[in-house]
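Novice: could you work out the structure for the sequence below:
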Amino acid sequence: MDNRDLERAWRYHDAADELLNGRIQSFLIAQAFLIVGYAQILTASSFVERIDLKLILLAISCLAIVLTIVMKTLAAQLSRGIRELKRKYLLDENDGDQVYKAYFSAVRGDGVNTSLDGFARGWTRVMPMCFLIFWGLALCYAMFAIFPDVQHLWRR
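Specialist: A predicted model of the protein is given here:
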C-alpha cells in the first residue's frame, strides 16, 4: 500500500466521520423536539378528557420509533464503512498508518492492541436502543391512555 492509498482512506474516513457526527447531532436534536412535544401534550390541562391529544401522543411515539430505526440503520452503515477503512488501511499490521495505530491504541486504553473490537458500539448500538425502549414505553402509555376512551365509546 502506498501513501496515496492512505491519503485516500483518510479522506473517506474524515468524510464518513463528519457525516456520522452530523447525523448524530440531527438525530439528537430531533429526539429532543419529539420528547418536548410529547411532554407538553402529556401535561396539558385537558389531556385526560381529550382523545385527540392522546392520539397525537400515539402519533409522536410512532414517528419517533420510525426515526430512531432509520437513523440507527444509517449510523450502522456508516460505522461499518469506517471500521472497514480502519481495518484494511489505517490499522493494517504491515502497511497501516503507524502514527494512527499508536493513537488508536492509546485512545482504547490498552496501549497495545489496535483491534477494532467494540469500535463505535457506544452510539450506533446503545443510544438508539435506549431511545427505542423509551419510545416503546411512551407508545404503550399513549395506547393505555386511549384505551379507556375507546372502551367508553363501545359501551354506548
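
Novice: go ahead and flag the most central residue of this protein.
Specialist: By C-alpha atoms, centre = their mean, the chain has its centre lying nearest to Pro128, at 3.9 Å.

Novice: which residue packs closest to that one, ignoring adjacent ones?
Specialist: With sequence-adjacent residues excluded and distances taken as C-beta to C-beta, 6 or more residues apart in numbering, Pro128 is closest to Lys72, at 3.7 Å. Quick note: C-beta positions are derived from backbone N, CA and C, even for glycine.

Novice: residues in contact with the one you found?
Specialist: Contact analysis of Lys72 by C-beta atoms under 8 Å, 6 or more residues apart in numbering lists 124, 128-129, 132.

Novice: ok, of those residues, which come out buried?
Specialist: Buried by 16 or more other C-beta atoms under 10 Å: 124, 128, out of these.

Novice: and which of the contacts of Lys72 is nearest Ile51?
Specialist: Nearest to Ile51 out of the contacts of Lys72 is Leu132 (C-beta to C-beta; 26.0 Å).

Novice: distance of that closest one from Ser79?
Specialist: Applying C-beta to C-beta, to the nearest Å, the value for Leu132 to Ser79 is 17 Å.

Novice: do the same with Leu139
Specialist: With distances taken as C-beta to C-beta, Leu139 is found 27 Å from Ser79.

Novice: so, low pLDDT: which residues of this structure?
Specialist: The chain contains residues with pLDDT under 70 at 1, 109-123, 149-156.

Novice: nothing else from me, thank you.
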